[in-house]
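Asks: With the input below, show me the fold.
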Amino acid sequence: MLKSKTFIKKTRSGGVMKIVREHYLRDDIWCGSEVCADCKQESTVLQGDACIESNLCAYPHYLIPDTNVVLHQIDVLEDPVIRNVIILQTVLQEVRHRSAPVYKRLKDIIHEKEKHFYTFTNEHHSETFVEREPGESANDRNDRAIRVATKWYSQHLKTSAPDAEGLKVVLLTNDNGNKQKAEESGLLVYKCEEYIKSLIANPELVDCLALSNDDKNEVTSSKVLFPEHLPLSRIQAGIKSGTFLQGTFRASRDNYLEATVFVQGEGEDTTEGLQNLNRAVHQDVVAVQLLPRDQWVAPSSVVLQDEGTAKDDDAEEEEEEEKAVTEASRKPTARIVGIIKRSWRPFCGMLNTSQIKESTRHLFTPADRRIPRIRIETRQAATLAGQRIMVAIDGWPKHSRYPNGHFVRSLGGAGDKETEQEVLLLEHDVPHQAFSQAVLSFLPKMPWCITPEDMMKREDLRHLTVCSVDPPGCTDIDDALHCRELDNGNLEVGVHIADVSHFIRPGNAMDKEAANRGTTVYLCGKRIDMVPELLSSNLCSLRSNVERLAFSCIWEINHKAEILKTRFTKSVINSKASLTYAEAQMKIDDTSKNDDITKSLRGLNKIAKILKRHRIEKGALTLSSLEVRFHIDSETHDPIDLQTKELMETNSMVEEFMLLANISVAQKIYDEFPDCAMLRKHPAPPPSNYDILLKAAKSKEVEIHTDSAKALADSLDMARVDGFPYFNTLLRILATRCMMQAVYFCSGMDSDFHHYGLASPIYTHFTSPIRRYADIIVHRLLAVAIGADSTYPDLMDKQKQSALSNNLNYRHKMSQYAQRASVAFHTQLFFKSRGILNEEGFVLFVRKNAIIVLIPKFGLEGTVFFDKKDKAAPNLVFDEEIPGVSVPVPDVEPQAKKPKLDR
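Replies: Sure thing, here's the model as predicted:
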């Protein structure tokens, strides 16, 4: 059956176009129930004995949720107890348009066989399709379509399943109008909340209910604490006229009353005080209004954490405190007038149980200090105390000091290693689920071997003395090197990189999964792979004494490390040794060794030293960040020893050739594809970023020049203080924190390619395709450039490359944060049973009420507050210029305070 609509449309050029839209309807679409005798179904999803114990529905039943129930109660629908649910096509399409994250979660539930969720294409069934009536809104039409489909199901199951005694269909909706119309049509309909509260065996599921608008108003007080958010229409008009600015809200980790708003092309605006922050949550897209210059403030010097006792006037106190700052230190300051897009997600943290006995309302403290506390209702407070839980925000009314939310699920006991690892993966949005069958289906069949077809466009380099040099325990070996002397006296140096793009073809499920994950995440004692282990630790890993497919970058270099020729080729190699950095160093240093591998390593090391000297002369930076290595107990998997990583010459040797390969490949792919090359840049920091470095150097009367990377590198080399050998390393650690984030970008979307830290005009990532998706894209571009592979549309689409770059930048950043969090947690585990230790520490930053201290031996950094809850702060004088604190000498002997009379 065919329905068609015809309408006339005027084109831009003034012509007239006739448009015909055809909509096909069928009468043979299955209902999906195993009790149905009429539908000729190959397989069924909905069970015949669909029983959930309920006070309202004491009979077997299927559930049909409307769109708003799916959008707001997805946490409930994910619970294992909710089964045999019919998801209508109308609902699925609406959810897809309104929330991509919820749509993905719904699709995941539908794919879980044990959940028995069935998608019914009601929009193409001749008996359930409804046309929009004149004057009817799209929303009302969709509600009517849901009611019609529910009625059809009820009647269909009565006639087609006479054996299914008492099987009914229940519509779930929170819309009063929709509920009333459904009841008038004789349908069985309940509000989601009343249905969930009726479940006998699962009372805890009530905690997962998102608050309805009625509930939100109940929880709040009558006092208005925050200004009203402006409607989107006024915000858009204000942005267009320049009255408002649009930006991303970034809450401060150190002060809950302070945040910055990053405005594209304008930089950052400061926002201070609860009223000005106006219910924005970290990473929300907000509209701000710049305040008059006389209301601008300087960033706060106070470390302030929300203890749950703060009142609204605390913000005013803070603002008054800052009024005495100098004009120069004031920053553009704004207030938030509206929210353009919320960036809410389920947050991990712990429950702070209420002091009021029998209370069901409690405050939840998120693990991320940038997220405000969330007020939730739960009847499981006693059980959840001491556990890590997940909570989602439902809304933040203007009467409420905190946002309102609901309990999602428990993750496990706080301090438990598995639980804490799960928390840090969830908090940093690291995809860590097992690879799906769809992904694994694209793996090569074992046993795998190199075929004659594989060799057709490859160079056979199996005869070369190739070896790899990696950290101990490394199984995902991306790169290998060789160096040999040519007949003309020059050297041939090769960097051979695992040919991952041979195994991961564009657009398949494995490629999409790798693109989404973006990077492998290395935690202490655990690795979250970007690609399945068969590739990462076996077929793509350049292990010794096995034949592997590679992508090779080969140079002819003279003894002054000048590059005479460069060529790229797909190849087959057979690595002669898989060495650790220490093993390679021992071979180089041992004068009695003179085998081919040792000679190759010495040649590489000699050239690498010259390459590094040339880079530093050009202005490349040598910065510092503390990295620690744990020795893990093989049985308990607890850290038993901790030490800072020691860097050897061989670390630098490998790094130099990886940098050289990345630069060579960057130039090649940009020359071939100037509009769609995936490159990596490192922007120069704005001068204000160097304030902390300059102040730290000035405190020891050392001068640092930041006019260019070369000037910074040279002045860091000269920065020495007698009797303080660690001073230079401290400055380099601070200089690292002044830097901007290096980012991937598409060459056709940007004009500034420069890499500030490496002092290179162009750069990319080519050398780690097992653990970085950007490198796979670069491999594909290079393969097309040398005629070793064919192109595909997305590779040449600069918009899609740019969107991909954004995801890779996000994943890369979150991966770094997750790694740091894992180190911090394992450091805490290490100290758990060691009591009090005395170690040398250095003050990194000084605040009005705290100092931030670094302990180099353990790579540990923490905040030490001057005042404690049970102990008053000493009388300190804070100097913003240095910055520093001092204890003034009292002029007279302080007199004892007279005790106050008890009145």
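Asks: what are the ranges of the strands in the stretch 1-150 of the chain?
Replies: When secondary structure is read from DSSP state E, counting those that start in this stretch, the stretch 1-150 of the chain shows strands at 2-10, 16-24, 61-65, 85-88, 117-120.
Asks: Looking at those, spot the one closest to Ile336.
Replies: strand 61-65 (34.1 Å; Cβ to Cβ). C-betas here are computed from N, CA, C, even on glycine.
Asks: Please list the outside residues in contact with that closest one.
Replies: The contact list for strand 61-65 (Cβ atoms under 8 Å, 6 or more residues apart in numbering) reads 33, 46, 50, 52, 73, 77, 82, 84-88, 91, 146, 149-150, 153, 167-173, 188, 192, 195.
Asks: which residue sits closest to Gln305, ignoring its sequence neighbours?
Replies: Tyr256 (6.4 Å; Cβ to Cβ, 6 or more residues apart in numbering).
Asks: Surely the one you found and Asp306 touch.
Replies: Yes. Tyr256 lies in contact with Asp306 (Cβ atoms under 8 Å); the separation is 4.3 Å.
Asks: Kindly point out which residues are neighbours of both of these two.
Replies: With contacts defined as Cβ under 8 Å, 6+ apart, the residues shared by Tyr256 and Asp306 are Pro372.
Asks: between the two, which one's more packed in?
Replies: Shown here are Tyr256 and Asp306; by other Cβ atoms under 10 Å, Tyr256 has more neighbours (22 against 17).
Asks: Which residues are in contact with Ala584?
Replies: 467, 469, 601, 650, 653.
Asks: give me the low-pLDDT residue ranges for the chain?
Replies: The chain contains residues with pLDDT under 70 at 1-7, 162-164, 212-222, 267, 269, 307-329, 624-645, 868-903.
Asks: What residue spans form the domains of it?
Replies: As recorded under the TED database, the domains making up the chain are 2-188, 346-414, 437-680+743-820, 685-738, 835-902.
Asks: Quick one: closest of those domains to Phe262.
Replies: Phe262 lies closest to domain 685-738 among the domains of the chain, at 12.6 Å (Cβ to Cβ).
Asks: Can you give me the first-to-last residue distance of the closest one?
Replies: 7 Å (Cα to Cα, to the nearest Å).
Asks: Leaving out chain neighbours, which residue sits closest to Phe825?
Replies: Using Cβ to Cβ, 6+ apart, the closest residue to Phe825 is Glu420 (5.3 Å).
Asks: Based on its surroundings, how many neighbours for that neighbour?
Replies: For Glu420, the count of nearby residues is 23 (other Cβ under 10 Å).
Asks: What residues sit buried inside the strand or helix carrying it?
Replies: Assessed by DSSP states H and E, Glu420 sits inside helix 417-427. By neighbour count on 16 or more other Cβ atoms under 10 Å, the buried set for helix 417-427 is 417, 419-427.
Asks: got a list of contacts for that helix?
Replies: 346-348, 367-368, 388, 390, 411-414, 432, 521, 523, 526, 528, 637-638, 818, 821-822, 825, 829.
Asks: next helix or strand past it?
Replies: Toward the C-terminus, helix 417-427 is succeeded by helix 437-440 as the next helix or strand (DSSP H and E).
Asks: Return the distance of the very next helix or strand once past that next one from the chain's centre.
Replies: Next helix or strand after helix 437-440 toward the C-terminus (DSSP H and E): helix 452-455. Computed by Cα atoms, centre = their mean, to the nearest Å, the separation of helix 452-455 from the middle of its chain amounts to 39 Å.
Asks: what's the answer for stretch 109-121, then?
Replies: Using Cα atoms, centre = their mean, the offset of stretch 109-121 from its chain centre is 28 Å.
Asks: can you pull the buried residues of it?
Replies: Buried-residue list, stretch 109-121, by 16+ other Cβ under 10 Å: 109-110, 115-121.
Asks: I'd like those residues as CSV, with distance to Asn488 appended.
Replies: As requested, these are exported to CSV (distance: Cβ to Cβ, whole Å):
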residue, distance to Asn488
Ile109, 66
Ile110, 65
Lys115, 69
His116, 73
Phe117, 69
Tyr118, 72
Thr119, 68
Phe120, 74
Thr121, 71
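Asks: Would you check which pair of those lies furthest apart?
Replies: The most distant members of the buried residues of stretch 109-121, if one measures by Cβ to Cβ, are Lys115 and Thr121, lying 18.9 Å apart.
Asks: Relative to Ile563, how far out is Val665?
Replies: For Val665, the distance to Ile563 (Cβ to Cβ, to the nearest Å) stands at 13 Å.
Asks: Please disregard the earlier target; I meant Leu63.
Replies: From Leu63 to Ile563 the distance is 67 Å (Cβ to Cβ).
Asks: same thing with Val85?
Replies: Here the distance between Val85 and Ile563 works out to 63 Å (Cβ to Cβ).
Asks: Show me what the host helix or strand of Ala697 is packed up against.
Replies: Assignment of secondary structure by DSSP H and E places Ala697 within helix 691-698. If contacts are counted by 3 or more Cβ pairs under 8 Å, 6 or more residues apart in numbering; DSSP states H and E, helix 691-698 sits against helix 727-738.
Asks: Could you give the number of residues near Tyr62?
Replies: Around Tyr62 there are 24 residues (other Cβ under 10 Å).
Asks: beta partners for it?
Replies: Val169 (DSSP bridges).
Asks: Now do it against Cys31, distance only.
Replies: As judged by Cβ to Cβ, Tyr62 and Cys31 stand 10 Å apart.
Asks: and what of Asn594?
Replies: For Asn594, the distance to Cys31 (Cβ to Cβ) stands at 79 Å.
Asks: between these two, who's got more neighbours?
Replies: Counting neighbours by other Cβ under 10 Å for Asn594 and for Cys31 shows that Cys31 has the greater number, 23 against 9.
Asks: Could you pull up the residues touching Ser252?
Replies: Listed by Cβ under 8 Å, 6+ apart, the contact set of Ser252 reads 258-260, 370.
Asks: correction: Phe657
Replies: In this structure, Phe657 makes contact with 481, 493, 495, 604, 608, 611, judged by Cβ under 8 Å, 6+ apart.
Asks: quick one on the thing from earlier: tell me which of the buried residues of helix 417-427 is nearest to Gly787?
Replies: Using Cβ to Cβ, Leu425 comes nearest to Gly787 of the buried residues of helix 417-427, at 41.4 Å.
Asks: Burial check on Phe249, number of neighbours?
Replies: If we define neighbours as other Cβ under 10 Å, then Phe249 has 23 of them.
Asks: Could you look up the SS state of Glu556?
Replies: Three-state call for Glu556 (DSSP: H, G, I helix; E, B strand; the rest coil): strand.
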